[in-house]
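K.L.:
Output the structure for:
(chains A, B, C and D)
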There are 4 protein chains.
Amino acid sequence: MLLEFTMFPMDKGESVSPWVSRCLEIIDKSGLDYRLNPMGTVLEGEWDEAFGVVKQCFDAMRRDCKRISVRLKIDYREGRRGALMSKIASVEKGVGKTLKK
Amino acid sequence: MLLEFTMFPMDKGESVSPWVSRCLEIIDKSGLDYRLNPMGTVLEGEWDEAFGVVKQCFDAMRRDCKRISVRLKIDYREGRRGALMSKIASVEKGVGKTLKK
Amino acid sequence: MLLEFTMFPMDKGESVSPWVSRCLEIIDKSGLDYRLNPMGTVLEGEWDEAFGVVKQCFDAMRRDCKRISVRLKIDYREGRRGALMSKIASVEKGVGKTLKK
Amino acid sequence: MLLEFTMFPMDKGESVSPWVSRCLEIIDKSGLDYRLNPMGTVLEGEWDEAFGVVKQCFDAMRRDCKRISVRLKIDYREGRRGALMSKIASVEKGVGKTLKK
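P.N.:
Just a heads-up that it's a prediction; the model follows:
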């Protein structure tokens, strides 16, 4: 299962990177495979482990944030592993060239 | 906390309402307050209870679906209750008229 | 086509309803059919007319906002009209009861 | 402005990469800077140019798809350019290490 999420405080003004960095520390230590992109982070794992990491991020953020926005997308495919790599590979194969990533 | 989500199978063709109905039965029996809209369902509850319902819907769907797409938005506001009603009310107050809902 | 969107400033602190109200005034005057829910607004229309309204909201918001977050979902179904009503009706028919909305 | 989007047909079964590849060809030729990730594509550009590309993808997809799902996120920041690179850089600086991307 792939889970992409974006989480940020709404009460801290325009610049939210300190809180995003706090989440990425948790994700990086979680042991789950992940990829950071300019609009969010994609985790690969089972439902409970992926949501366990998201919950840890949320708990770390609400320690000092009064309003938090979270957006999450899941792509579940039965029996599929390694989708972090294989989805991009199959699009590049379809296009017939290496794409920016 | 408000949690809006949309969940549907990607391997069942154009019409997915039987699977959406299966989710709404679970939500309606969950005891959490909710509102169905044309693009998703908004639940109000604490993190664990709201995600508990989402997980039940997912488990009910993957019994017979091989690929499932989920989209989720959370609006958390410290100490806030009754946001299902109060958010719409404050927008209507701002606009100064009753809106379609 | 149904288009749901949420748009809010990230540099105005915890309470954003004045800016959301500004959008709803635009939507309500647009002539497109819509439904406000606690997490966003669903418009029904063709691509150009629906995105025209979203753009008007964005222009109205960036007059005095330095950072803006937008989330958008589209459900396009060839030849379908009246989906604001019919999607909810078909779920209620599937569940066999009236749901909260 | 950064715009991330995911677009896929709902009436073509479990595997949708041929249609995603069709979009990536359009994006790659558009001249806009972009990054493909496992759950979507992030474009950088002004409102009209970014949505122009999204619309081209949609038009290419509805030639042979009856139902299409689109999800879109925008992060607008006044006067900001180069956010495809700078957002990741500022998170890595905050964490104090290179992250997977």
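
K.L.:
interface residues of chain A facing chain B?
P.N.:
By CB under 8 Å from any CB of the partner chain, the residues of chain A that approach chain B are A:47, A:51, A:55, A:58, A:62, A:66-78. For every residue, glycine as well, the C-beta is placed using N, CA and C.

K.L.:
switch to 6 Å and redo it
P.N.:
Neighbours of chain B within chain A, by CB under 6 Å from any CB of the partner chain: A:K66, A:R67, A:I68, A:V70, A:R71, A:L72, A:K73, A:I74, A:Y76, A:R77, A:E78.

K.L.:
Beta-bridge partners for the fourth one, please?
P.N.:
Right, A:V70. A:M7, B:I74 (DSSP bridges).

K.L.:
That one against A:P9, yeah?
P.N.:
No. Counting by CB atoms under 6 Å, A:V70 does not reach A:P9; the two are 10.7 Å apart.

K.L.:
returning to that earlier point: among the residues of chain A next to chain B, which one lies nearest to chain C?
P.N.:
A:R67 (4.5 Å; CB to the nearest CB).

K.L.:
count of neighbours near the closest one?
P.N.:
If you count neighbours by other CB atoms under 10 Å in any protein chain shown, A:R67 ends up with 19.

K.L.:
Equivalent analysis for the one 5 residues further on, please.
P.N.:
The local packing count at A:L72 equals 21, with neighbours defined by other CB under 10 Å.

K.L.:
Can you tell me which helices and strands the helix or strand hosting it packs against?
P.N.:
A:L72 belongs to strand A:67-77 when assigned by DSSP states H and E. With contacts taken as 3 or more CB pairs under 6 Å, 6 or more residues apart in numbering or on different chains; DSSP states H and E, strand A:67-77 sits against strand A:2-9, strand B:67-77.

K.L.:
Just want the angle from it to strand A:2-9.
P.N.:
Angle of strand A:67-77 versus strand A:2-9, following axes from the mean of the first three to the mean of the last three CA atoms, to 10 degrees, is 180 degrees.

K.L.:
Including mean pLDDT and distance to A:E25, could the helices and strands packed on strand A:67-77 go into JSON lines?
P.N.:
Shown next, in JSON lines, are those (pLDDT from 0 to 100; distance: least, CB to CB, whole Å):
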{"stretch": "strand A:2-9", "mean pLDDT": "98", "distance to A:E25": "13"}
{"stretch": "strand B:67-77", "mean pLDDT": "97", "distance to A:E25": "20"}
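
K.L.:
Looking at these, spot the one closest to A:G40.
P.N.:
strand A:2-9 (4.1 Å; CB to CB).

K.L.:
counting contacts, what elements does that closest one pack onto?
P.N.:
Looks like strand A:2-9 contacts strand A:40-44, helix A:47-62, strand A:67-77 (3+ CB pairs under 6 Å, 6+ apart).

K.L.:
quick one: contacts for A:A60?
P.N.:
A:R22 (CB atoms under 6 Å, 6 or more residues apart in numbering or on different chains).

K.L.:
related to what we said a few turns ago, and the helices and strands packed on strand A:2-9, which is most packed in?
P.N.:
strand A:40-44 (a mean of 23; mean count of other CB atoms under 10 Å in any protein chain shown).

K.L.:
Is there proximity between that one and chain C?
P.N.:
No. Counting by CB under 6 Å from any CB, chain C has no neighbours in strand A:40-44; the shortest distance is 11.7 Å.

K.L.:
Just the CA trace of that strand, in CSV.
P.N.:
The C-alpha trace of strand A:40-44 is given here as CSV (Å, rounded to 0.1, in the frame of the first residue of the first chain):
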residue,chain,number,x,y,z
GLY,A,40,4.2,15.6,0.4
THR,A,41,5.7,12.3,1.5
VAL,A,42,4.9,8.8,0.1
LEU,A,43,5.2,5.9,2.5
GLU,A,44,5.0,2.2,1.6
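
K.L.:
partners of it in the sheet?
P.N.:
The strands beside strand A:40-44 in its sheet (DSSP bridges) come out as strand A:2-9 (antiparallel), strand A:33-37 (antiparallel).

K.L.:
ok, now which ones touch the spatially most central residue of chain A?
P.N.:
In chain A, the centroid-proximal residue (CA atoms, centre = their mean) is A:T41; its distance is 2.6 Å. With contact taken as CB under 6 Å, 6+ apart, A:T41 is in contact with A:I27, A:Y34.

K.L.:
Look up the residues forming beta bridges with it.
P.N.:
With DSSP bridges as the rule, A:T41 is bridged to A:F5, A:L36.

K.L.:
any idea how far it is from A:C23?
P.N.:
7 Å (CB to CB, to the nearest Å).

K.L.:
Ranking the strands paired with strand A:40-44 by mean neighbour count, which comes first?
P.N.:
strand A:2-9 (a mean of 23).

K.L.:
Give me the distance from that strand to the chain's centre.
P.N.:
Put simply, strand A:2-9 sits 5 Å off its chain's centre (CA atoms, centre = their mean, to the nearest Å).

K.L.:
and the angle from that strand to helix A:47-62?
P.N.:
Using the same axes, to 10 degrees: strand A:2-9 against helix A:47-62 is 10 degrees.

K.L.:
Please save the CA atoms from strand A:2-9 in CSV.
P.N.:
Provided in CSV are the C-alpha atoms of strand A:2-9 (Å, rounded to 0.1, in the frame of the first residue of the first chain):
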residue,chain,number,x,y,z
LEU,A,2,1.2,3.5,-0.8
LEU,A,3,0.1,6.4,1.4
GLU,A,4,1.0,10.0,0.5
PHE,A,5,0.4,12.7,3.0
THR,A,6,0.8,16.4,3.7
MET,A,7,0.4,17.8,7.2
PHE,A,8,1.0,21.3,8.3
PRO,A,9,-0.2,23.8,11.1
